[in-house]
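Student: Below is the structure, and that's it, no one-letter string:
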């Protein structure tokens with residue numbers, strides 16, 4: 001059942017504990033563990049593969065990893081490596097930084113990782129929901145992703161919906177759900193309609209509170 005859950009939520013999972021009420025849960029998304037150090041992050045997965053390719057001056061692999069195959073060149077690969085090195089240096093110094101991960105092409109998922117004070121404080125996974133089927137891709141709906149999270153974490157701490165308008169002025173109900181933990185928070189946010197998407201966020205409690213205190217834009221429908 002664990003494999004089924006992992007495939008649904010894009011490797012975001014709860015590491016089981018005998019006494020979950022006494023031990024903090026471990027959240028993993030996009031191949032990385034929430035709270036891990038910058039050093040850990042860049043020593044495994046996509047980030048590690050990119051570091052090795054850049055250090056080995058393997059420009060072909062750099063272009064492939066960066067999905068720049070259609071515009072592949074040594075100059076482009078060098079520019080990408082320069083950005084990767086700078087990102088690692090800034091994150092290691094404690095600078096707040098967002099890093100774009102590899103994501104998952106088959107499920108049309110994009111990953112963004114946020115670092116602060118040398119640690120991974122937020123994992124943001126966005127699943128695109130195309131209006132038509134695309135051969136070779138298996139996008140996930142909000143319903144599928146929500147069901148996977150509910151199976152893994154139980155009933156959400158809170159759930160609600162709010163009206164939103166698409167670019168054509170069509171009104172939809174966007175669903176939200178939040179699972180609060182002692183040290184972290186999981187959220188799922190739906191953006192329905194044509195060109196819609198579903199966003200899953202795993203973040204530290206401090207990061208969640210930081211976002212909650214940020215100024216909000218006014219919803220004209222409320």
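Tutor: Thanks, I have the structure now. Everything numeric here is computed off the predicted structure, so don't read it as measured data.

Student: Do a quick rundown of the strands in the chain.
Tutor: 13-14, 27-29, 32-33, 97-100, 109-116, 119-129, 158-165, 171-180, 184-191, 196-204 (DSSP state E).

Student: Take these and lay them out in TSV including mean pLDDT.
Tutor: Below are the strands of the chain laid out as TSV (pLDDT from 0 to 100):
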stretch	mean pLDDT
strand 13-14	42
strand 27-29	92
strand 32-33	95
strand 97-100	94
strand 109-116	96
strand 119-129	95
strand 158-165	87
strand 171-180	92
strand 184-191	95
strand 196-204	95
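
Student: Residue 141 is in contact with residue 129, correct?
Tutor: Yes. Using C-beta atoms under 8 Å, residue 129 is in contact with residue 141, at 6.3 Å. All C-beta spots, glycine's among them, are computed from the backbone N, C-alpha and C.

Student: between these two, what contacts are shared?
Tutor: residue 198 (C-beta atoms under 8 Å, 6 or more residues apart in numbering).

Student: quick one on the thing from earlier: tabulate the strands of the chain (JSON lines), appending distance to residue 85 and mean neighbour count.
Tutor: JSON lines is the format used below for those (distance: least, C-beta to C-beta, whole Å; neighbours: other C-beta atoms under 10 Å):
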{"stretch": "strand 13-14", "distance to residue 85": "31", "mean neighbour count": "20"}
{"stretch": "strand 27-29", "distance to residue 85": "24", "mean neighbour count": "22"}
{"stretch": "strand 32-33", "distance to residue 85": "19", "mean neighbour count": "20"}
{"stretch": "strand 97-100", "distance to residue 85": "12", "mean neighbour count": "16"}
{"stretch": "strand 109-116", "distance to residue 85": "15", "mean neighbour count": "20"}
{"stretch": "strand 119-129", "distance to residue 85": "18", "mean neighbour count": "22"}
{"stretch": "strand 158-165", "distance to residue 85": "40", "mean neighbour count": "13"}
{"stretch": "strand 171-180", "distance to residue 85": "36", "mean neighbour count": "16"}
{"stretch": "strand 184-191", "distance to residue 85": "30", "mean neighbour count": "22"}
{"stretch": "strand 196-204", "distance to residue 85": "26", "mean neighbour count": "22"}
